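**Student:** Quick one: sequence plus predicted model below, questions after.
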Amino acid sequence: MKEEILPSMLTPEADSPETSSTGQDVQHHWHGVVKRRSFLQGIGMTGAAFTAGALLPTEGKAQSRSTSGRLSPGDSALLQFALWAELVESDLWTQYAELGGVGPSGGGVAQEDEEFQGFIGGNPAYALALQNLDGDMPQYITDNTDDELSHAAFLAAFLRSRGEVPLDLDPFRTLPSSQATGARQIKRITNLMQLSVDLSWYTRYRSGDNPDLGAVFKGPLVIRNQPAIPLNDSDTPPSTNPTVPITGRDANRIQAIANTAGFHFAFIEQGGASLYPTLAFKATDPMVLRVLISIGGVEIDHFGLWHDKGGNAVSQPLAGVVDPVTGLTFPDLNNPATELTQTNKILPEPCQFISKNLPRCSVIRPTSTQLGGAVATVKAFIEDGMFIGQPDEFFDLSMRLATAADSAVRGL
């Protein structure tokens with residue numbers, strides 16, 4: 001029987017100073033995971049009767065093998081973690097699509113092939129608030145959701161085709177749904193009702209500095225403990241019409257929630273934009289490299305889209321919205337506009353890359369394992385609040401997969 005995917009199983013096929021440094025960093029993170037319980041208890045997370053080992057793949061469960069040969073342990077770990085990320089994204093984007101995607105009659109014949117035909121775009125007030133950010137938001141949300149679902153389905157099928165059993169997160173579909181009109185009452189993996197969104201990416205991509213070379217960034221505003229989807233119909237009546245200029249308690253509340261979603265969309269996708277290159281650097285099998293680069297390119301495309309839409313929440317005519325419940329204010333970042341705040345500067349500014357002695361270059365950043373890898377991704381999602389309510393075993397499993405992926409070493 002194939003054993004669990006653990007860091008100790010991943011034997012480097014080549015050694016280098018960079019490999020040694022990466023290994024030490026991963027081990028540091030792994031020891032931190034062992035001490036996780038005090039951290040989890042501190043943010044109100046408790047255990048449940050799941051075992052991480054039972055959810056990791058075993059050879060006895062494999063459904064098929066291909067003539068292309070089995071994957072190396074490292075390549076398998078890379079794809080299993082990519083699948084983890086896509087399952088998480090699929091779950092959160094499904095929630096956004098149910099409430100704010102294109103409605104059943106919104107796309108006509110062109111909409112018939114969408115994954116969510118029949119149960120998307122079900123909250124009129126939320127959809128209108130999202131359209132204040134961009135009139136095409138419902139279509140973009142629906143398309144992004146389809147993309148993530150396709151990524152998850154493909155990665156699972158590809159792993160099976162190479163004799164591996166894909167990761168299954170269904171036992172962790174235990175979190176509650178929104179009670180607002182449009183939300184299906186099914187269990188979720190992710191929480192979108194109490195988010196603390198890291199906005200450091202906003203200034204990072206407008207700066208000439210690079211976090212991989214030591215730069216540290218702060219976001220232009222702080223979003224903490226804020227819903228990104230409507231909670232219930234009492235808090236945000238579905239009949240609310242948030243017309244610009246936004247006035248009144250209900251309109252401000254639903255617009256603040258939609259604005260938070262706009263920034264959360266970009267936060268999620270910039271994480272994928274950094275994650276996939278860090279995984280691809282470690283791939284040995286050319287087909288695995290092709291999969292990671294090809295899916296990663298779509299994540300980058302997503303980020304460019306949502307970077308633009310998030311900026312509309314902090315520019316006129318929407319700037320100035322105040323959430324009447326949390327007090328969150330969306331300021332006008334163009335008053336005055338600066339290099340680090342101007343909302344229409346959405347393309348990555350040239351920055352320091354590889355070495356401070358080389359000319360600046362416009363690149364995705366970070367792409368180091370330490371800052372953009374699998375462990376960093378899990379940590380960022382935890383701090384975002386998306387997994388509030390998940391048991392210890394979920395975090396164990398996630399960190400096992402992440403550590404295995406970060407430990408993979410490319411063999412030539």
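**Tutor:** Arrived safely. Numbering: from 1, shown residues only.
**Student:** Which residue ranges of the stretch 51-200 of the chain form helices?
**Tutor:** 52-55, 73-100, 124-133, 137-161, 200-204 (DSSP state H, counting those that start in this stretch).
**Student:** Kindly apply the preceding question to the stretch 301-412 of the chain instead.
**Tutor:** Going by DSSP H, counting those that start in this stretch, the stretch 301-412 of the chain shows helices at 369-372, 374-384, 392-407.
**Student:** list the buried ones in the lengthiest helix in the chain?
**Tutor:** Longest among the helix segments of the chain by residue count, using DSSP state H, is helix 249-280. Across helix 249-280, burial judged by 16 or more other C-beta atoms under 10 Å covers 250-280. In short, each C-beta sits where N, CA and C put it, glycine included.
**Student:** Need the distance between the two termini of stretch 388-395.
**Tutor:** 11 Å (C-alpha to C-alpha, to the nearest Å).
**Student:** where are the low-confidence patches of this protein?
**Tutor:** 1-68, 103-119, 412 (pLDDT under 70).
**Student:** Just want to check the distance between the most centrally placed residue in the chain and residue 92.
**Tutor:** The centroid of the chain falls nearest to residue 268 when counting by C-alpha atoms, centre = their mean (3.2 Å). Distance of residue 268 to residue 92, given as C-beta to C-beta, to the nearest Å: 7 Å.
**Student:** which of the residues in stretch 145-164 are buried?
**Tutor:** Those would be 145-149, 151-152, 155-156, 158-160, 162-164, for stretch 145-164 by 16+ other C-beta under 10 Å.
**Student:** brain fart, stretch 364-382
**Tutor:** Quick answer for stretch 364-382 (16+ other C-beta under 10 Å): 364-370, 372-382.
**Student:** Output it as PDB, nothing but the C-alphas.
**Tutor:** Provided in PDB are the C-alpha atoms of stretch 364-382 (Å, rounded to 0.1, in the frame of the first residue of the first chain):
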ATOM      1  CA  ILE A 364       4.700  38.300 -11.200                       C
ATOM      2  CA  ARG A 365       5.900  38.600  -7.600                       C
ATOM      3  CA  PRO A 366       6.500  36.900  -5.300                       C
ATOM      4  CA  THR A 367       7.600  33.600  -6.900                       C
ATOM      5  CA  SER A 368       9.800  32.400  -4.100                       C
ATOM      6  CA  THR A 369       8.700  29.200  -2.300                       C
ATOM      7  CA  GLN A 370       9.000  31.100   1.000                       C
ATOM      8  CA  LEU A 371       6.500  33.900   0.000                       C
ATOM      9  CA  GLY A 372       4.500  32.400  -2.800                       C
ATOM     10  CA  GLY A 373       4.700  28.600  -2.400                       C
ATOM     11  CA  ALA A 374       2.200  26.100  -1.100                       C
ATOM     12  CA  VAL A 375       2.700  26.700   2.700                       C
ATOM     13  CA  ALA A 376       2.500  30.400   2.100                       C
ATOM     14  CA  THR A 377      -0.700  29.900   0.300                       C
ATOM     15  CA  VAL A 378      -2.300  27.900   3.100                       C
ATOM     16  CA  LYS A 379      -1.100  30.400   5.600                       C
ATOM     17  CA  ALA A 380      -2.600  33.300   3.600                       C
ATOM     18  CA  PHE A 381      -5.900  31.600   3.200                       C
ATOM     19  CA  ILE A 382      -6.100  30.900   7.000                       C
END
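**Student:** That stretch: how far from the chain's middle?
**Tutor:** Its chain's C-alpha centre and that of stretch 364-382 lie 11 Å apart, by C-alpha atoms, centre = their mean, to the nearest Å.
**Student:** hang on, the earlier thing: is it true that the residue nearest to the centre of the chain touches residue 91?
**Tutor:** No: using C-beta atoms under 8 Å, residue 268 is not in contact with residue 91, being 11.4 Å away.
**Student:** returning to what we had before: relative to residue 289, which of the helices of the stretch 51-200 of the chain is closest?
**Tutor:** Closest of these to residue 289 is helix 73-100, at 8.9 Å (criterion: C-beta to C-beta).
**Student:** Now do that closest one against helix 249-280, angle only.
**Tutor:** 160 degrees (axes from the mean of the first three to the mean of the last three C-alpha atoms, to 10 degrees).
**Student:** From residue 310, how far out is residue 183?
**Tutor:** Relative to residue 310, residue 183 is positioned 23 Å away (C-beta to C-beta).
**Student:** Out of the two, name the residue with the larger neighbour count.
**Tutor:** Each of residue 183 and residue 310 has its neighbours counted (other C-beta atoms under 10 Å); residue 310 has more, 25 against 22.
**Student:** Please give me every residue in contact with the more buried one.
**Tutor:** Neighbour list for residue 310: 133, 202, 262-263, 265-266 [criterion: C-beta atoms under 8 Å, 6 or more residues apart in numbering].
**Student:** Dump the helices of the stretch 51-200 of the chain to a markdown table, plus distance to residue 406.
**Tutor:** Shown next, in a markdown table, are the helices of the stretch 51-200 of the chain (distance: least, C-beta to C-beta, whole Å):
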| stretch | distance to residue 406 |
| --- | --- |
| helix 52-55 | 17 |
| helix 73-100 | 8 |
| helix 124-133 | 35 |
| helix 137-161 | 18 |
| helix 200-204 | 21 |
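**Student:** Compare those helices and give me the one nearest residue 353.
**Tutor:** Across these, closest to residue 353 is helix 200-204 (C-beta to C-beta), at 13.2 Å.
**Student:** Does the closest one pack against any helices or strands, and if so which?
**Tutor:** Packing partners of helix 200-204 (3 or more C-beta pairs under 8 Å, 6 or more residues apart in numbering; DSSP states H and E): helix 249-280.
**Student:** Can I get stretch 295-306 in PDB? Just the C-alpha atoms.
**Tutor:** This file holds the C-alpha atoms of stretch 295-306, laid out as PDB (Å, rounded to 0.1, in the frame of the first residue of the first chain):
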ATOM      1  CA  ILE A 295      -3.500  26.600 -15.500                       C
ATOM      2  CA  GLY A 296      -1.200  29.200 -13.900                       C
ATOM      3  CA  GLY A 297      -1.600  31.500 -16.900                       C
ATOM      4  CA  VAL A 298      -5.400  31.600 -16.400                       C
ATOM      5  CA  GLU A 299      -4.900  32.500 -12.700                       C
ATOM      6  CA  ILE A 300      -2.800  35.400 -13.800                       C
ATOM      7  CA  ASP A 301      -5.500  36.400 -16.300                       C
ATOM      8  CA  HIS A 302      -8.100  36.300 -13.500                       C
ATOM      9  CA  PHE A 303      -5.900  38.600 -11.300                       C
ATOM     10  CA  GLY A 304      -5.600  41.200 -14.000                       C
ATOM     11  CA  LEU A 305      -9.400  41.300 -14.400                       C
ATOM     12  CA  TRP A 306     -10.200  41.600 -10.700                       C
END
